[in-house]
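Enquirer: What follows is a predicted structure for the sequence shown.
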Amino acid sequence: MLRSLSRLREAFPARAAARPADDLLVAANILLGIVLVGVILALAFGAIALVVQVARLGEALLVSPLDPVWAPVNRLLFGLGALLLVEAVIGSLLAMIGAVGRGEAFARDNVSRMETIACDVLGLQVLGLVAATAGVPVGTGIAGIDLGVGLTPAGLALVLVLFVLARVFREGARLREEAEGTV
């Protein structure tokens, strides 16, 4: 969570006044900031709910984690894992938007951010597969919002597109550095 808050600060740099504000970037910052606050609140309430659920069940949890008594705890654990991955994606997006706002779209940092986003989305896919295998529904029914957790062809295609975009950003950063060196 602290990582995302520092990325949020990066997205609103003090020296950005030298560049005119881009309405799309401002809107994206505001929207992602609101979503990030929601995810952080969901993580906090989820952690509290997990502690309460474990305390309530107590010794009943001494059975196998696949036993039905574990169902609410497993759902909370997988849900918190999914929320952490979503929080990481939002944090990386905020940092990328900040870099674009500063005129540094093809910075080396954005390459690693794009790769991080791809890995986090892949993590959501794997988490969904593991949860489905364990019979734990994750990513649905959380305040009526579907987090998109699960192994789907669209999710895997998104991961592939994100890794390709990371390569595009890497090439853009190389060309930018090359152009700066020739001036």
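Expert: Sure thing, it's come through.
Enquirer: When you work out contacts or count neighbours from here on, use the C-alpha atoms and nothing else.
Expert: Fine.
Enquirer: Low-confidence ranges, the protein, go.
Expert: In the predicted model, the chain carries pLDDT under 70 at residues 1-21, 65-66, 138-149, 183.
Enquirer: Next SSE downstream of the host helix or strand of Gly91?
Expert: Assigning secondary structure by DSSP states H and E places Gly91 in helix 71-101. Going down the chain from helix 71-101, the next helix or strand is helix 108-134, by DSSP H and E.
Enquirer: Who are the packing partners of the helix or strand following that following helix?
Expert: Going down the chain from helix 108-134, the next helix or strand is helix 153-182, by DSSP H and E. With contacts defined as 3 or more C-alpha pairs under 8 Å, 6 or more residues apart in numbering; DSSP states H and E, helix 153-182 has these neighbours: helix 108-134.
Enquirer: about what we covered before: in the helix holding Gly91, what counts as buried?
Expert: Neighbour-count burial for helix 71-101 flags 71, 73-101 (criterion: 16 or more other C-alpha atoms under 10 Å).
Enquirer: cool, stretch 22-36 as well?
Expert: 25-26, 29, 32-33, 36.
Enquirer: for stretch 122-134, same thing?
Expert: For stretch 122-134, the neighbour count (16+ other C-alpha under 10 Å) marks 122-125, 127-129, 131 as buried.
Enquirer: Could you point out the longest helix of this structure?
Expert: What stands out as the longest helix in the chain, according to DSSP state H, is helix 23-57.
Enquirer: elements contacting that helix?
Expert: Counting contacts by 3+ C-alpha pairs under 8 Å, 6+ apart, helix 23-57 packs against helix 71-101.
Enquirer: hmm, try it at 10 Å
Expert: Helix 23-57 makes packing contacts with helix 2-11, helix 71-101 when contacts are defined by 3 or more C-alpha pairs under 10 Å, 6 or more residues apart in numbering; DSSP states H and E.
Enquirer: That one to helix 71-101, inter-axis angle?
Expert: 160 degrees (axes from the mean of the first three to the mean of the last three C-alpha atoms, to 10 degrees).
Enquirer: how much distance is there from helix 23-57 to the middle of the chain?
Expert: The chain centre lies 11 Å from the centre of helix 23-57; the measure is C-alpha atoms, centre = their mean, to the nearest Å.
Enquirer: Same question for stretch 68-86.
Expert: For stretch 68-86, the distance to the chain centre is 16 Å (C-alpha atoms, centre = their mean).
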